[in-house]
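Student: predicted model and sequence follow; I will ask about them next.
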Amino acid sequence: MMVSIKGLPKEEYLLKGHIACAGCGPAIGLRLLFKALGNKVILVVPACCSSVIPGPYPYTSFAVPVQNIIFEATGATASGVVAALRRKGVKDVTVVGWAGDGGTFDIGIQALSGAAERGTNFIYICYDNEAYGNTGVQRSGATPYGAWTTTTPTGKRERKKDMPFIMAAHRIPYIATACPSYPLDFVNKLRKAKAIEGTKFIHLLAPCPTGWRYDTSKTVEIGRLAVQTGMWALFEIEYGKFKLNPPSDRLIEKTRRKPVKEYLSLQGRFRKLTDDGIEKKQKWIDEDWERYHKLVSNSTSDSALHGKI
Amino acid sequence: MAQTVIDTANHIAAYAAKAARVQVIAAYPITPQTSIVERIAELVENGELDAEYVRVESEHSAMSACIGAAAAGVRTFTATASHGLVLMHEPLHWASGSRLPIVMPVVNRTLGPGWNIWADYTDSMSQRDTGWLQFYCADNQEVFDTIIQAYKLCEDERVLLPVMICLEAFILSHTYMPVRIPDQDKIDDFLPPYKPKWFLDIDNPLSHANIVSPEWYMEFRYMMQEAMENAKQLIPKIDKEYGKYFGFEHGGLIDKYKCEDADLILLTMGTIGSESKIAVDNLRKEGLNVGSARVRVFRPFPKEEIRKLAENTQMFTTIDRGISFGMEGFLAEETKASLCNQEDQPLIAGFIAGLGGRDVTFKNIEKIAKKSAEWMRRGRVEKETVWVDLRE
């Protein structure tokens, strides 16, 4: 099951000529998505950066069939595709919803929730760049506390929604977090998801130089720092069992985590965040990790997360 | 075997979906559409209808799921009403722009506030510019026949646009009438399986509905208009062909009754058109030379047929179960627009009647016709829009 970088297929289904920004985290995610799943994939893409990335008609840089759809409808349209494939008896095609954070956390949460509740057999990937990137960086429910966006010019005052745990409350068989800076982790999770029947949700933190205000060469580094500081934890919830994945599984002890300031200070979007604000964020991260610690301990016993929520 | 059943238009719509062998249904319940989706659930679960049934969490998702299913290349069905239809507004545009042949009964019901579940055309009329074809039915037989006809029409490569089958709340949806359901083999012969040229196909990976720049967008919209014009040609032919197969025809674009020699023609839609025929017979006994023209297809609007009718008559009277606020009745608007730039136009009077489910009987229609005839004799329409039996 586990693959190495060398073991990844040579085929590229994200073709040359796409029009993503330099240093685009989601574009790396797309490339890995196709490497992991191959081309027997039907992609459902709502209004988001990825409806622009392939380029305009009559060209596209996605070498798989794509159904572009309205902003809030990914879960519903994917449900329709899945139903049609079932009716046609097609079994070897994976349906993937590939939506941004606005289309997942905010406007699309109803359709996603419905699809998950119905046990729709598909993989839903939220590539999360923590703002409405395609429209020029406005705040979303995924934007973290203190972050500048064009609609929070002095920094967002609210916290980010805990999306993976919202999905966990749907009792779907597989939930995972990922980050393009850890490509094998993402690829393995995709392949695992593909083999599981039902709704699979993968939350991909996808750094965005345009919205986060950092140098385009630093996307991978920013993603690594997100994980190393514990701001973003790599984990899976498989049939209700919570599990931290490397390198996050070694970060339960606070001393092993880098201070969140190292992650924040590289990004222009947090420039106006005060020391108090940074402290607040550090405290929240530490609280999250106490929760992860408890979940890891619980998951070693027979009781699964679903029973706890 | 063909059989006659006595049932409501809603159940008949479900049987038509079954007869059309729909493959995916995605639907959400709303009064007064519910008995369509309930009956479909029964048909799917007892194995009579071999289809996937997606019980979505909203009408917006119902249409969005239908888009996914139709794009994946299967025959797709849903049904809605009222607030459900207007919630679908965005995906309605996406369905037609994607050129997907989805068929959807719309059980015409008012929009709130205040809450009212009775018949009114405001819901579907407010969606008239979404690029969907719109049929308006006058009885339960027509509901069945039009659903079968609609798939044949909209899956035709010259059309490829979705279709609304509009039927009035309760007046049809919950009223039992005898309906002839033809032999399934004959239906299968009339309506072969859906075989789309383009669908979500891993062997031919296309990007459906992606970005279209100003260089191309107009051409796509022009093709939709062309498809509407093509539909206008095909609808009467398909209706005739259906008649040959099964014995029922519904007038093509306009169901005309005693219009040939009429001085005054009542232009109506839906069940008001049925009542109109009774009114025509009664009025003719009184010596008033009147005819009835029930507009069966509102999109594409049959303006050429309206012009033809106008050639031999002195007056049109439109009766609308809905109004475009700030203007007038929908049918009145379209009738006038159709006659613009034509010579020797007839007088046109517009009546608004039956909003919120208020009954429109042949007696109301006779009154309307008599008022119109009075103006016709004077050669002048004294009030452009009259609200029938309004409490003042």
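Tutor: Cool, the structure landed.
Student: any idea which residue of chain B lies closest to chain A?
Tutor: Nearest to chain A, among the residues of chain B, is B:G68, at 2.7 Å (CB to the nearest CB). The way it works is simple: take the backbone N, C-alpha and C, and place the C-beta from them, glycine included.
Student: for that residue, helix, strand, or coil?
Tutor: For B:G68, the assignment made with DSSP: H, G, I helix; E, B strand; the rest coil gives helix.
Student: element containing the nearest residue to it once chain neighbours are set aside?
Tutor: In this structure, B:G68 finds its nearest non-sequential neighbour in A:G80, 2.7 Å apart by CB to CB, 6 or more residues apart in numbering or on different chains. Remark: A:G80 resides in helix A:74-88, with elements defined by DSSP states H and E.
Student: re earlier: and the pLDDT for the residue nearest to B:G68?
Tutor: The score at A:G80 is 98. That number is its pLDDT.
Student: that one: how many residues sit nearby?
Tutor: A:G80 has 35 neighbours, counted by other CB atoms under 10 Å in any protein chain shown.
Student: how much space separates it from A:A63?
Tutor: Look at A:G80 and A:A63: by CB to CB, to the nearest Å, they are 23 Å apart.
Student: one more: A:K35?
Tutor: With distances defined as CB to CB, the gap from A:K35 to A:A63 amounts to 12 Å.
Student: do a quick rundown of the helices in chain A.
Tutor: In chain A, the segments counted as helices under DSSP state H are A:25-37, A:49-52, A:74-88, A:109-117, A:163-168, A:183-195, A:209-212, A:219-228, A:260-264, A:275-300, A:305-308.
Student: out of those helices, which gets nearest to B:A81?
Tutor: Ranking these by their distance to B:A81 (criterion: CB to CB) puts helix A:74-88 first, at 18.9 Å.
Student: quick one, helices of the stretch 101-250 of chain B?
Tutor: Ranges of helices within the stretch 101-250 of chain B are B:122-125, B:140-154, B:184-190, B:214-246, based on DSSP state H, counting those that start in this stretch.
Student: can you pull the contacts of the residue of the stretch 1-150 of chain A found nearest chain B?
Tutor: Nearest to chain B, among the residues of the stretch 1-150 of chain A, is A:G80, at 2.7 Å (CB to the nearest CB). Shown in contact with A:G80 (CB atoms under 8 Å, 6 or more residues apart in numbering or on different chains): B:24, B:26, B:54, B:64-72, B:76.
Student: quick one: it from A:F122, how far?
Tutor: A:G80 sits 11 Å away from A:F122, taking CB to CB as the criterion.
Student: how about the residues of the stretch 201-309 of chain A that lie near chain B?
Tutor: Counting by CB under 8 Å from any CB of the partner chain, the stretch 201-309 of chain A comes close to chain B at no residue.
Student: picking that back up, show me which pair in the contacts of A:G80 is furthest apart.
Tutor: Farthest pair in the contacts of A:G80 (CB to CB) is B:V54 and B:A71. Separation: 14.2 Å.
Student: by mean pLDDT, point me to the weakest helix or strand of chain A.
Tutor: Ranked by mean pLDDT, DSSP states H and E, the helix or strand of chain A with the weakest confidence is helix A:305-308, at a mean of 48.
Student: could I get the contacting residues of the residue nearest to B:V74 when sequence neighbours are not counted?
Tutor: Across the structure, with CB to CB, 6+ apart as the measure, the residue nearest B:V74 apart from its sequence neighbours is B:Q23 (3.8 Å). Contact analysis of B:Q23 by CB under 8 Å, 6+ apart lists A:84, A:87-88, B:50-52, B:69, B:74-76, B:194.
Student: cool, B:A70 as well?
Tutor: A:80, A:84, B:24, B:76, B:95, B:98, B:100-102.
Student: from B:C166, how far out is it?
Tutor: Here the distance between B:A70 and B:C166 works out to 20 Å (CB to CB).
Student: one more: A:V64?
Tutor: Here A:V64 is placed at a distance of 38 Å from B:C166 (CB to CB).
Student: so which of those two has more stuff around it?
Tutor: Residue environment comparison for A:V64 versus B:C166 gives the larger neighbour count to B:C166, 27 against 24, counting by other CB under 10 Å.
Student: the more buried one touches B:Y136, doesn't it?
Tutor: Yes - B:C166 is within contact range of B:Y136, at 4.6 Å (criterion: CB atoms under 8 Å).
Student: overlap in contacts, those two.
Tutor: When contacts are counted by CB under 8 Å, 6+ apart, B:C166 and B:Y136 are jointly contacted by B:121, B:270.
Student: the helix holding A:G80 versus helix A:109-117: what angle between them?
Tutor: In terms of direction (axes from the mean of the first three to the mean of the last three CA atoms, to 10 degrees), helix A:74-88 departs from helix A:109-117 by 40 degrees.
Student: distance between helix A:74-88 and the chain's centre?
Tutor: Shown here is helix A:74-88, whose average C-alpha point lies 22 Å from the average C-alpha point of the whole chain (CA atoms, centre = their mean, to the nearest Å).
Student: for stretch B:241-253, which residues meet the burial criterion?
Tutor: Of the residues in stretch B:241-253, those with enough neighbours to count as buried (16 or more other CB atoms under 10 Å in any protein chain shown) are B:242, B:245-246, B:248-253.
Student: any chance of the residues you listed in JSON lines, plus distance to chain A and pLDDT?
Tutor: Rendered in JSON lines, the data for those read as follows (distance: CB to the nearest CB, whole Å; pLDDT from 0 to 100):
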{"residue": "B:Y242", "distance to chain A": "26", "pLDDT": "98"}
{"residue": "B:Y245", "distance to chain A": "27", "pLDDT": "97"}
{"residue": "B:F246", "distance to chain A": "27", "pLDDT": "98"}
{"residue": "B:F248", "distance to chain A": "30", "pLDDT": "96"}
{"residue": "B:E249", "distance to chain A": "33", "pLDDT": "97"}
{"residue": "B:H250", "distance to chain A": "31", "pLDDT": "98"}
{"residue": "B:G251", "distance to chain A": "34", "pLDDT": "97"}
{"residue": "B:G252", "distance to chain A": "32", "pLDDT": "98"}
{"residue": "B:L253", "distance to chain A": "31", "pLDDT": "98"}
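Student: quick one: low-confidence parts of the stretch 201-350 of chain B?
Tutor: Filtered on pLDDT under 70, the stretch 201-350 of chain B yields no residues whatsoever.
Student: now chain A
Tutor: Confidence mapping of chain A against pLDDT under 70 gives the ranges A:1-2, A:300-309.
Student: spatially central residue in it, please.
Tutor: In chain A, the C-alpha closest to the average C-alpha coordinate belongs to A:L204, at a distance of 2.0 Å (CA atoms, centre = their mean).
Student: that residue and A:I123, how far apart?
Tutor: Taken as CB to CB, the spacing of A:L204 relative to A:I123 amounts to 11 Å.
Student: and for B:A19?
Tutor: The gap separating B:A19 from A:I123 is 36 Å, by CB to CB.
Student: noted, bye for now.
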